[in-house]
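1. need a 3D model of the following:
(3 chains)
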Amino acid sequence: MTLAEAPITPETMPVAEPAPEAGARTNGIAMICYSGDLEKTWAAMILASTAGAMMMPTKVFVTFWGLQTFVKPEKRVTGDNWMQKMLSIMSRPGIAHRKLSKMNFLGMGPWMMRKLAKQYNVASPAELLEMATAMGVEFVPCQMTMDMFGIKREDLIDGMGEPVGAATYLGYVGDGASPLFI
Amino acid sequence: MTLAEAPITPETMPVAEPAPEAGARTNGIAMICYSGDLEKTWAAMILASTAGAMMMPTKVFVTFWGLQTFVKPEKRVTGDNWMQKMLSIMSRPGIAHRKLSKMNFLGMGPWMMRKLAKQYNVASPAELLEMATAMGVEFVPCQMTMDMFGIKREDLIDGMGEPVGAATYLGYVGDGASPLFI
Amino acid sequence: MTLAEAPITPETMPVAEPAPEAGARTNGIAMICYSGDLEKTWAAMILASTAGAMMMPTKVFVTFWGLQTFVKPEKRVTGDNWMQKMLSIMSRPGIAHRKLSKMNFLGMGPWMMRKLAKQYNVASPAELLEMATAMGVEFVPCQMTMDMFGIKREDLIDGMGEPVGAATYLGYVGDGASPLFI
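-> Model prediction:
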């Protein structure tokens, strides 16, 4: 269910079950990929792909600016109305178009970062995303963000889970996964 | 106790008790509402109100820029000395005056976000805050931030808990709640 | 092991062991000190020193912009090649040179914050770092960030742990520590 579909009332919200055995942790990670900045996208993808490789059950809830990272590279503009279109033009979607939160300098900062990464054999965010998915990490888009920004399922890269809301995310935490807000 | 009142020494700090039963999690959330940006305030309020509705015991420690969000809407300037007053003028307090961290464009970004939210039936940060409080989520202000910014109890919205310090917050985590820094 | 040294494959990555007793939490904190901004550095150091004083086993993984905070104060420029040197010049390293993420106003914002902190008896980030280290908090640098930015062990302040990668950090979480991304 999504916050956008129904008002939050005790009747409409699932109640978080305590973890299977009282106090059990599942050894899993419940990440919120919130930021669309290049550096934070990188940090999120490094942690997600590493957690996947370490066999830690990992879910990544993709929301707000973070969702733009998961728009297909060939999509230039997303949205139905002029406001949504304008937002996507002001901040170009796609994992290859993330900008640094500071020292962007008309793109020179990100260019240097990517160049240094290549030189020191650090995988790019796009490569890490592919690895993470291959390792079984599940990326789930936030329904509310999709609604607000007018982003549709077909705008998003392949392999993502069904859109969910904050309640589903918090359910992962209630089930014992450790939250990480990035 | 607060960091502002006493130096940190083993004698003056409480020792975090291990969770009641060794290794138990309380299924709760211990959020730090740190950012005063519109988008992050929104994310924090969505998670807090949803956690409340799901009956997850939820505490929100409100600190740094986040505290400005919880100043009463009618308060224009807070602080005792010129520096504190200037800081509150440079960044207007109140939940209705949060700005986007990027694409602010003299207020057009936030205006579009709020308009889209309304169109897609997403509750505003102020509405979510009210819901969260009604659902039993406890918002506690950071004493040190209040001291530094000269914000007084009567400047803050009604219904907040007693001011506490970092040690009280970490006590929630020590008791088994999952931390979330937003 | 570091991400920079080897590709991520199931063979090269350690598998996260479930916590010692199934579902046990260690009552510890596994912080990621990611941001180099003054306010976030402050928040991270307050939490780390307080957790240390409360005897919570605390590890701080220092990565991305956060690593610049841990460069020795006397170092002005770090890096081997012109790009790395340029990055360190654009964003001066050292804990005394952190800037506010907003309201920097050519340094007036940070000056006011530091002045207010002194007036209200709040320890500086550098003092808190010293306290935290004295309290047994372990600060470990991210190998990948050191490689990308050309920062060497001898550029970093004394008392830090051996450089590690994301897998080591996630191991702390797998062992039951609560993650905090700041």
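2. where does chain A dip in pLDDT?
-> For chain A, residues meeting the criterion pLDDT under 70 lie at A:1-26, A:105-106.
3. so which other helices or strands are in contact with the helix ranked longest in it?
-> The single longest helix within chain A, with elements called by DSSP state H, is helix A:38-53. Helices and strands touching helix A:38-53, by 3 or more Cβ pairs under 8 Å, 6 or more residues apart in numbering or on different chains; DSSP states H and E, are strand A:29-33, strand A:58-62, helix A:108-119, helix A:125-134, helix C:166-174. Every residue, glycine included, has its C-beta placed from N, CA and C.
4. how about that helix: buried residues?
-> Residues A:38-53 are the ones in helix A:38-53 that count as buried (16 or more other Cβ atoms under 10 Å in any protein chain shown).
5. could you export it as CSV, CA atoms only?
-> Written as CSV, here are the backbone C-alpha positions of helix A:38-53 (Å, rounded to 0.1, in the frame of the first residue of the first chain):
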residue,chain,number,x,y,z
LEU,A,38,26.8,11.1,-7.4
GLU,A,39,28.8,10.5,-4.2
LYS,A,40,25.9,9.2,-2.2
THR,A,41,24.7,7.0,-5.1
TRP,A,42,28.2,5.6,-5.2
ALA,A,43,28.2,4.9,-1.4
ALA,A,44,24.8,3.2,-1.6
MET,A,45,25.8,1.0,-4.5
ILE,A,46,29.1,0.0,-2.9
LEU,A,47,27.3,-1.0,0.3
ALA,A,48,24.5,-2.7,-1.5
SER,A,49,26.7,-4.8,-3.8
THR,A,50,29.1,-5.7,-1.0
ALA,A,51,26.2,-6.7,1.3
GLY,A,52,24.8,-8.8,-1.6
ALA,A,53,28.2,-10.5,-2.1
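6. off-centre distance for it?
-> Centroid displacement of helix A:38-53 relative to its chain, using Cα atoms, centre = their mean, to the nearest Å, is 10 Å.
7. relative orientation of it and strand A:29-33 in degrees?
-> Between helix A:38-53 and strand A:29-33, the angle comes out at 160 degrees (axes from the mean of the first three to the mean of the last three Cα atoms, to 10 degrees).
8. on that earlier part again, turn the helices and strands packed on helix A:38-53 into JSON lines, columns for distance to chain B.
-> What follows is these, written out as JSON lines (distance: least, Cβ to the nearest Cβ, whole Å):
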{"stretch": "strand A:29-33", "distance to chain B": "8"}
{"stretch": "strand A:58-62", "distance to chain B": "10"}
{"stretch": "helix A:108-119", "distance to chain B": "15"}
{"stretch": "helix A:125-134", "distance to chain B": "18"}
{"stretch": "helix C:166-174", "distance to chain B": "11"}
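9. which pair of the buried residues of helix A:38-53 spans the longest distance?
-> Farthest pair in the buried residues of helix A:38-53 (Cβ to Cβ) is A:38 and A:53. Separation: 22.3 Å.
10. quick one: contacts for the residue nearest the centre of chain A?
-> Closest residue to the average C-alpha location of chain A: residue A:62 at 2.8 Å, with Cα atoms, centre = their mean. Residues in contact with residue A:62 (Cβ atoms under 8 Å, 6 or more residues apart in numbering or on different chains) are A:33, A:69-70, A:139-142, A:145, A:160.
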